[in-house]
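> Whatever this is, show me its structure:
(one chain, ligands or ions: 4)
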Amino acid sequence: MTRTWALIVLSWALVGAPDAPADEPRVIYVNDDATGSGDGTSWENAMPSLKDALDFAAAGDEIWVAAGVYKPSRHPDNRAASFLLISGVGVYGGFAGFEKDRSQRDPALNSTTLSGDLRGDDGPDFAHTGDNSLHVVKVDVGGAAPVLDGFTIAGGNASGNRHTPAASGGGVVIRRGSFNLVNCTVIDCQGALGGGLYNAGPGYVTLTNCTVARNRAHSGGGACGPFELSHTAFEDNHAESRGGAIYGSCAAEHALFAGNRAEKKGGAIMGPAVVTHSAFVRNHAGRKGGAAFGRQASLSATNTLFLGNYAGEFGGVVYAHGRANPYFNHCTLAFNATEENDATICFTRDQSAPRFFNSILWRNYLGEVEDPYGPQFWVFGNHDEVIRYSCVEGIRDVGGEHGNIADDPRVADLFGPDGEGGTGDENLRLTGDSPCIDAGWKDRPVPTDETDLDDAIRCIDDPYVEDTGKGRPPLPDMGAYEFKRK
Ligand SMILES: [Ca+2]
Ligand SMILES: [Ca+2]
Ligand SMILES: [Ca+2]
Ligand SMILES: [Ca+2]
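Ligands and ions are numbered 1, 2, ... in the order given. Predicted coordinates:
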């Protein structure tokens, strides 16, 4: 914001609208069904167009939007139009159209959609999307990050020339600046890079309590660029090439990556990722890295579950090269696979090797195998995998100073109700007679997290189980979940 603008906004606030205290933001009301004056000062006189409200808003305002479907342009041929967000303005959906307080809204009940389907003719499998908006939402501002909260963003199609920005971010494109997306679903969008979202970077873009689903792209089916994720799910996104869910770097906590697919590399993530308290379930890479593919920097996972991920060639969970060491601490990995049982968990080369601490690796192969350890890793070069205080099927380094075991971890329900491994209905929490209880290495290699994957207290001593781990009691258990006796 320029100084002049700051002064204008400040003096406006001092003069004040009679019904708006100076310390509360001005609210601009939007409702496509409203029939009043349309000046946006109340629900009765709400603006029918979100676009008009965005043109009218200034930093510090809030825009409240009632349930409905809103499009970036009234003209069905105007594919280039987008909802252009404003610096320092929060746009909130999910209102029924009577609320006095923002906390009264319910986005789940009052579905508020920003749709790029300008003609309203989209069908299943992206039918009739060739004429949709290039980008439904656009961020191109400096200063305070805009906030978009409580919307479904759908039907964007960034089908512009592959070598231009018009080919990235069908749902949301962040060309410049920071941005916070909250309580939103980005669905059925497409582009060459980042079908759902594209962040040109280096701005700080966060997704909180969001779902990114059923988007598709050449690379980065769900999203492309650097992102920070919290309580966010990427599901059933698809990339023709790399990064089914994300192409680019990400930091994630409480994230779910499920059912994403890349035809070549990185079923869920192509790029460096630091992930805690999360799950990768049934992601699929046609060639390498069922969950993640990394070069120079790879996946670092703590308190995370890897279940049923698959790569056609190598690295059912991760493929890494170029001095990239995939890192797992307090993770549970089960039923990850490759077509030929080649590196069903990790494939690394070029001075890279995986590190496992306090983790459980079980049933990571297809069919019957003679030596269950063998299929899990391929490590090329003068490097070896490092495994400490972990339960690994078939490992021979047991009973010694490294604290590893090869005993059945005795989880609650290894195959789940459907009797088949890796389908997603399994319960990999420990049972009372699991050898993984109190068998972890406390505060190594880094201070132990305070909570497990269930967000329950991590270090609990089980008085019925001898402490076989290392460190000062109470000791953590191996795997993503801490056992708590009822
Ligand atoms: Ca259409
Ligand atoms: Ca199952
Ligand atoms: Ca314990
Ligand atoms: Ca104990």
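> Now the chain against ligand 4: closest residue?
Nearest to ligand 4, among the residues of the chain, is residue 438, at 4.0 Å (C-beta to the ion). All C-beta spots, glycine's among them, are computed from the backbone N, C-alpha and C.
> name the element that residue belongs to?
Under DSSP states H and E, no helix or strand contains residue 438.
> quick one, phi/psi of it?
Phi and psi for residue 438, reported as degrees, to the nearest 10, are phi 50, psi 30.
> Determine the number of other residues adjacent to it.
If you count neighbours by other C-beta atoms under 10 Å, residue 438 ends up with 26.
> Pretty sure residue 471 is one of the things it touches, is it not?
No. Using C-beta atoms under 8 Å, residue 438 is not in contact with residue 471, being 10.3 Å away.
> and the gap between residue 187 and residue 151?
11 Å (C-beta to C-beta, to the nearest Å).
> With neighbour numbers in mind, choose between these two.
residue 151 (28 against 21).
> Quick check, pLDDT for that one.
We have a pLDDT of 98 for residue 151.
> now residue 162
For residue 162, the model assigns a pLDDT of 86.
> what do you get for residue 142?
pLDDT, residue 142: 89.
> same thing with the one 5 residues further on?
In this prediction, residue 147 carries a pLDDT score of 98.
> burial measure for it, as a count.
18.
> about what we covered before: pull up the gap between the residue of the chain closest to ligand 4 and residue 304, please.
Taking C-beta to C-beta, one finds residue 438 at 21 Å from residue 304.
> With residue 256 instead?
Taking C-beta to C-beta, one finds residue 256 at 10 Å from residue 304.
> which ones are touching the spatially closest residue to residue 308 that is not a sequence neighbour?
Distances taken as C-beta to C-beta, 6 or more residues apart in numbering put residue 422 closest to residue 308, at 3.0 Å, once the chain neighbours are dropped. By C-beta atoms under 8 Å, 6 or more residues apart in numbering, residue 422 lies in contact with 282, 307, 308, 334, 335, 336, 337.
> Out of the residues you listed, which are close to ligand 1?
Restricting the contacts of residue 422 to those within reach of ligand 1 (C-beta under 5 Å from the ion) leaves nothing.
> picking that back up, okay, and the common contacts of residue 256 and residue 304?
In contact with both residue 256 and residue 304: 278, 279, using C-beta under 8 Å, 6+ apart.
> More neighbours: those two, which one.
Remark: of residue 256 and residue 304, residue 304 carries more neighbours, 27 against 20, as counted by other C-beta under 10 Å.
> Hmm, residue 481 and the more buried one touching each other?
No. Counting by C-beta under 8 Å, residue 304 does not reach residue 481; the two are 11.0 Å apart.
> which residues are common contacts for the two?
residue 453.
> what's the neighbour count on residue 30?
30.
> same deal with residue 141?
Based on other C-beta under 10 Å, the number of other residues close to residue 141 is 23.
> Can you show me the CA trace of stretch 419-436 as CSV?
What follows is stretch 419-436, C-alpha atoms only, in CSV (Å, rounded to 0.1, in the frame of the first residue of the first chain):
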residue,chain,number,x,y,z
GLY,A,419,-9.0,-58.8,3.9
GLU,A,420,-6.6,-57.2,1.3
GLY,A,421,-3.4,-55.3,2.1
GLY,A,422,-2.9,-51.7,1.2
THR,A,423,-6.5,-50.7,0.3
GLY,A,424,-6.7,-48.0,2.9
ASP,A,425,-9.0,-49.7,5.5
GLU,A,426,-6.1,-51.1,7.5
ASN,A,427,-5.5,-50.2,11.2
LEU,A,428,-1.7,-50.0,11.7
ARG,A,429,-1.9,-48.9,15.4
LEU,A,430,-0.1,-51.3,17.8
THR,A,431,-1.7,-53.9,20.0
GLY,A,432,-0.7,-54.6,23.6
ASP,A,433,1.7,-57.4,22.7
SER,A,434,3.6,-55.5,20.0
PRO,A,435,7.4,-55.6,20.2
CYS,A,436,7.4,-52.0,19.0
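> That one near ligand 2 anywhere?
Yes. Legend: contact between stretch 419-436 and ligand 2 by C-beta under 5 Å from the ion is shown at 420, 423, 425.
> Please identify which of those is nearest to residue 30.
Comparing the residues of stretch 419-436 next to ligand 2 against residue 30 with C-beta to C-beta places residue 425 closest, at 42.0 Å.
> show me what contacts that closest one?
Going by C-beta under 8 Å, 6+ apart, the list of residues near residue 425 reads 416, 417, 418.
> ditto for residue 272
Residue 272 sits in contact with 249, 294, 296, 297, 298, 299, 300, 324, where contact means C-beta under 8 Å, 6+ apart.
> rerun at 6 Å
Neighbour list for residue 272: 249, 294, 297 [criterion: C-beta atoms under 6 Å, 6 or more residues apart in numbering].
> can you check residue 474 too?
Counting by C-beta under 6 Å, 6+ apart, the residues that residue 474 touches are 459, 460, 461.
> And residue 405, by the same measure?
391, 398, 435.
> In contact with the second one, which residues are there?
For residue 398, the contacting residues are 404, 405, 406, taking C-beta under 6 Å, 6+ apart as the criterion.
> wait, is residue 181 part of a helix?
No. Under the criterion used here (DSSP: H, G, I helix; E, B strand; the rest coil), residue 181 is strand, not part of a helix.
> what about it, neighbour count?
Neighbour number of residue 181 under other C-beta under 10 Å is 27.
> Just to check, it is in contact with residue 148?
Yes. Using C-beta atoms under 6 Å, residue 181 makes contact with residue 148 at a distance of 5.4 Å.
> Tell me the spacing between the closest residue to residue 395 other than its chain neighbours and residue 386.
Among residues not flanking residue 395 along the chain, residue 406 sits closest, at 5.0 Å (C-beta to C-beta, 6+ apart). Separation of residue 406 from residue 386 (C-beta to C-beta): 17 Å.
> ditto for residue 261
30 Å.
> higher neighbour count, the two?
Legend: neighbour count by other C-beta under 10 Å for residue 261 and residue 386, higher for residue 261 (22 against 14).
> if I look at that one, how far off is residue 425?
Where residue 425 is concerned, residue 261 sits at a distance of 20 Å (C-beta to C-beta).
> what's around residue 203, how many residues?
Neighbour tally, residue 203, other C-beta under 10 Å: 18.
> For it, which non-adjacent residue is closest in space?
Closest to residue 203 by C-beta to C-beta, 6+ apart is residue 178, at 4.3 Å.
> ok, that neighbour touching residue 201?
No. Look at residue 178 against residue 201 with C-beta under 6 Å: they stay out of range, at 10.3 Å.
> With neighbour numbers in mind, choose between those two.
When residue 178 and residue 201 are compared for neighbours, residue 178 comes out ahead with 19 against 16, by other C-beta under 10 Å.
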